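Enquirer: no FASTA, just this:
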């Protein structure tokens, strides 16, 4: 009896462990396929703290390299590009757009001198004028630059990043319109602001930050005025065992050794299905100042989680600069 209980316990632990292979059986075919299904079973509340849910979709595929997406880019032609913590790249048309373009699955093979390492991509940002984009890697504490055709340009392991724990490195990265970059780690309280491309030999401005309510940053996007929206996550009892939120911070005027104040705006479970949201990207800003953004969840390659894509709008005057209430 004890032996049977032990075996059952091990099986249960494997099933609940992120990244295990105990998920729906995958057909043995290599056809590039992606199914996007709009969700109807959503929280009753559609708006909170100035944020309004515009739509939520579940993405699925029979491919074994699908899932685990931790970073997201919005391309110029109504196209989204997601990157996984297994070094995979998925490019697909936005929901609501004609699905006449086949989804493209690829591997980020060429990473320069980082090519032999584990490609744990956790953050991405892009120059909308040139199409070049940057990827931040957690386990190697590195950043690479690719051109508009996804060809490798340059890589660097900034010395300032090397003291981070292996699974607590660059989790959030954003590029400002003026060419500056800001980076926040997941398990540290020191962030970096670069005057230019971090793959160049440029030293950053160092600052401190504290995330409210025991959250950790998982992604970040720059607003046109120089502030940033920060996607946050914490472990919490429930299923999936994640609580997520969006906060705002103003790095304008930061000086060496200064502090970045982070203000919680919304707890996402109020208007979105509960999931492990790790990717945040700016879609655009409307004439009245309404910000349109996309979020994507990391399913941890688990049979019990989903890859969700959410589109939301945010109007600051409705948020009233008030912090989300502690519950």
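Expert: Okay, I see it. Quick caveat: nothing in here was measured; it's all calculated off a predicted structure. Numbering: from 1, shown residues only.
Enquirer: residue ranges with poor pLDDT in the stretch 1-150 of the chain?
Expert: Where the stretch 1-150 of the chain drops to pLDDT under 70, the residues are 1-32, 98-100.
Enquirer: if you set the cut-off to 50 instead, what comes out?
Expert: Judged by pLDDT under 50, the stretch 1-150 of the chain has its weakly predicted residues at 1-31.
Enquirer: just so I have it, where are all the helices in it?
Expert: Under the criterion DSSP state H, counting those that start in this stretch, the stretch 1-150 of the chain contains helices at 2-16.
Enquirer: Tell me which stretches of it form strands.
Expert: For the stretch 1-150 of the chain, strands defined by DSSP state E, counting those that start in this stretch occupy the ranges 35-38, 47-48, 51-60, 69-74, 79-84, 88-93, 104-107, 121-126, 133-137, 142-146.
Enquirer: So which of those strands is nearest residue 303?
Expert: When the strands of the stretch 1-150 of the chain are compared by CB to CB, strand 51-60 sits nearest residue 303, at 12.0 Å. C-beta: built from backbone N, CA, C; applies to glycine.
Enquirer: so what does that closest one touch, helix or strand wise?
Expert: strand 35-38, strand 307-314 (3 or more CB pairs under 8 Å, 6 or more residues apart in numbering; DSSP states H and E).
Enquirer: possible to save these as CSV with distance to residue 164 and mean neighbour count?
Expert: Shown next, in CSV, are the helices and strands packed on strand 51-60 (distance: least, CB to CB, whole Å; neighbours: other CB atoms under 10 Å):
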stretch, distance to residue 164, mean neighbour count
strand 35-38, 35, 13
strand 307-314, 27, 22
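Enquirer: Among those, which comes closest to residue 190?
Expert: Of the helices and strands packed on strand 51-60, nearest to residue 190 by CB to CB is strand 307-314, at 27.8 Å.
Enquirer: Save the strands of the stretch 1-150 of the chain as JSON lines, and put in distance to residue 185 too.
Expert: Shown next, in JSON lines, are the strands of the stretch 1-150 of the chain (distance: least, CB to CB, whole Å):
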{"stretch": "strand 35-38", "distance to residue 185": "32"}
{"stretch": "strand 47-48", "distance to residue 185": "28"}
{"stretch": "strand 51-60", "distance to residue 185": "26"}
{"stretch": "strand 69-74", "distance to residue 185": "14"}
{"stretch": "strand 79-84", "distance to residue 185": "18"}
{"stretch": "strand 88-93", "distance to residue 185": "23"}
{"stretch": "strand 104-107", "distance to residue 185": "25"}
{"stretch": "strand 121-126", "distance to residue 185": "10"}
{"stretch": "strand 133-137", "distance to residue 185": "10"}
{"stretch": "strand 142-146", "distance to residue 185": "13"}
